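> One predicted model, sequence on top.
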Amino acid sequence: MSILIPVAVLLFLVYILSFYDHVRLMRKFWIYGGKMPGPPAHPIFGNASLFKNKTTEDFVEIFVNLANEARAKGANLMRTQVMNRIYVWPLNGKTAATILESSTEMNKGDDYSFLVPWLGGGLLMAQGEKWKNHRKMLTPAFHFAKLEGYLDVFNQESKVLIDCIEKAMETQEMIDLFPFFKRCTLDIICGTAMGIKFGAQLGKNHEYVKAVEGFNKLTVEYSLNPFLWNKFVYWALGYQKMHDDFLLILKKFTNDAIVERRAAIASGEVEKETSKRKMNFLDILLSSEESNELTSEDIRKEVDTFLFAGHDTTSTSLSWLCWNLAHNPDVQENVYREILTVFGEDPNEDVTSEKINRLEYTERVMKESKRMFAPVPGVQRKLTKDIVIDGITIPSEGNITISPTVLHCNPYIYEKPEKFDPDRFLPEECAKRHSYDYIPFSAGLRNCIGQKFSILNEKVMLIHILKHFRLEPKLGFYETKPLFEVVAKPSHGIPMKLIRRY
Ligand code: HEM
């Protein structure tokens, strides 16, 4: 009994000390935040009350309304605060450019810290020279000529997708396409990046798929609950254990895939490619391992980064595209007609690279869909030094949130932003805007390395789907909402009735 009291006192002291840095930052941001436009903040909790009893389903509306209130008062940026964190939001492309074009302020923000044990050191999270070297090394995997080589996988997996949907239609009248798209894009990224048949669409590797979902859920819970930001609390409530269990599954899967590919190359089962332009992503990494540029752990982090960044984003984007098409039948019909004109009527024909760039109208529709529902709702930078934007000093250690969602809903740039209008992307309309008023793939040096890959992937899947089915929504347009999470998934999926085209 006597030992319990000092242990309890010690634990309490550790707990109190662990808050020292929180209090220091809270004070600093209170002083700076008070001079910025933004909603009134509490000295300790900041703007936490805005999110009380809300879920990430409500956040888009909250942030867009706050941004519009600030814009109406003439502000070009706004701040929000929660406990010891400050977030400064550029409200138009011109202001966002200051940070996106900076070659020094490229470090990722506080909300990414959760991903460090999994992806830290991979391209998405890396900093400084390491980021520069890895970006240079991996760029050839996304070269135009290389993308054409991925078309086979896009076509094959899209056909499996159609089979899976048709099978589901035998027993269900209403189908939520989102999980189908997610499994398909996971199979595509594994096939293209690593040269392996993953088989998520056929029900394989279920444990990995579950672990990705579990880890994503934890990420959201962590970012919404500031008490979990304290390592001690996180551990004591059992979150650390769940976190570690998911990580074990995720890392093991990738490590096994790497070992398998290495062995296949060594045994000659897979022909060794020497031109970097022709190599798939994992083979580029493995060749850099041979020349001691990368360690095995570096390779694992990069592969995990591409699996993470490459599948949820594209499937979410395609889901919102289908949602917009289902709710705008005229636009859907126009896209379908354009697809038939360019590719012909055979629903089973492969999509080829020569014709795909002729889909001008479809491309505008895809862009407008990403404007209305930015698949990545926000990215963050953490400042290393004070910077001044629009005459306002933003302090070091503060976060800048560049939110495509908030920028794309700017009524001063996009008249009636809630209206789906592909003509906003006619060249003469684009010329009227700052190029950073539309940034679904971010912009500047740290833009999305996978954007061309993703657009091609999405187009091929869309062509296969629309050639087979007409889409009819089974929920009202606003009954499923974009979640303000790492990826803006639809809160209630995208339930559809699919009508066969032939
Ligand atoms: C619609 C689909 C996609 C969207 C909307 C999207 C969006 C983005 C955004 C906004 C960023 C900047 C993140 C930040 O600054 O923190 C980013 C970075 C990145 N994306 Fe994508 N992405 C998509 C698809 C993909 C795909 C298919 C891949 C891989 C095959 C990929 C790989 C990456 C990587 C590795 C980075 C980090 C780049 C760097 O920091 O140098 N993304 N993406």
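In hand now; what should we look at? Treat the numbers as computed from the prediction; the structure is a model and nothing was measured.

> C-alpha only now, for contacts and for neighbours.
OK.

> check contacts around Leu91.
In this structure, Leu91 makes contact with Ala67, Arg71, Ala75, Asn76, Leu77, Met78, Val406, Leu407, Asn410, judged by CA atoms under 8 Å, 6 or more residues apart in numbering.

> which residues of the stretch 151-300 of the chain fall in strands?
175-176 (DSSP state E, counting those that start in this stretch).

> Could you tell me whether Lys432 really is in a helix?
No: when classified by DSSP: H, G, I helix; E, B strand; the rest coil, Lys432 is found to be coil rather than part of a helix.

> now for the helix or strand containing Trp320, which elements pack on it?
Take DSSP states H and E as the rule and Trp320 turns out to sit in helix 296-327. If contacts are counted by 3 or more CA pairs under 8 Å, 6 or more residues apart in numbering; DSSP states H and E, helix 296-327 sits against helix 116-119, helix 177-189, helix 239-266, helix 281-290, helix 329-343, helix 360-372, helix 451-468, strand 469-473.

> Output these as a markdown table; include the columns mean pLDDT.
Supplementary listing: these in a markdown table, determined by pLDDT from 0 to 100:
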| stretch | mean pLDDT |
| --- | --- |
| helix 116-119 | 88 |
| helix 177-189 | 94 |
| helix 239-266 | 89 |
| helix 281-290 | 82 |
| helix 329-343 | 97 |
| helix 360-372 | 98 |
| helix 451-468 | 97 |
| strand 469-473 | 98 |
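
> Excluding residues flanking it in the chain, which one is nearest the residue in the stretch 1-150 of the chain that the ligand sits nearest to?
Across the stretch 1-150 of the chain, the shortest distance to the ligand (CA to the nearest ligand atom) belongs to Leu124, at 3.7 Å. Nearest-residue entry for Leu124: Thr305, 6.7 Å, with adjacent residues in sequence omitted and distances by CA to CA, 6 or more residues apart in numbering.

> residue contacts, that neighbour?
With CA under 8 Å, 6+ apart as the criterion, the residues that contact Thr305 are Leu119, Gly122, Leu123, Leu124.

> still on that earlier bit, could you tell me which of the contacts of Leu91 belong to helices?
Ala67, Arg71, Val406, Leu407 (DSSP state H).

> In this structure the first one contacts Met78, no?
Spelled out, it's Ala67. Yes: at 7.0 Å, Ala67 counts as touching Met78 under the criterion of CA atoms under 8 Å.

> Next to the ligand in this structure, residues from this protein, please.
Remark: the part of the chain in contact with the ligand comprises 123-124, 135, 306, 309-310, 313-314, 317, 375-376, 379-380, 440-442, 446-451, 453-454, using CA under 6 Å from any ligand atom.

> From those, list the buried ones, please.
Buried members of the residues of the chain next to the ligand, scored by 16 or more other CA atoms under 10 Å, are 123-124, 135, 306, 309-310, 313-314, 317, 375-376, 379-380, 440-442, 446, 449-451, 453-454.

> which residues in the stretch 101-250 of the chain form helices?
Counting by DSSP state H, counting those that start in this stretch, the segments of the stretch 101-250 of the chain that form helices are 116-119, 128-138, 144-169, 177-189, 206-224, 231-236, 239-266.

> Please identify the most buried of those.
Looking across the helices of the stretch 101-250 of the chain with neighbours counted as mean count of other CA atoms under 10 Å, the highest average goes to helix 177-189: a mean of 24.

> and that one, how far from the chain's centre?
Averaging C-alpha coordinates over helix 177-189 and over its chain gives two centres that are 14 Å apart (CA atoms, centre = their mean, to the nearest Å).

> pLDDT value on the residue of the stretch 1-150 of the chain closest to the ligand, please?
Per-residue confidence for Leu124 comes out at a pLDDT of 93.
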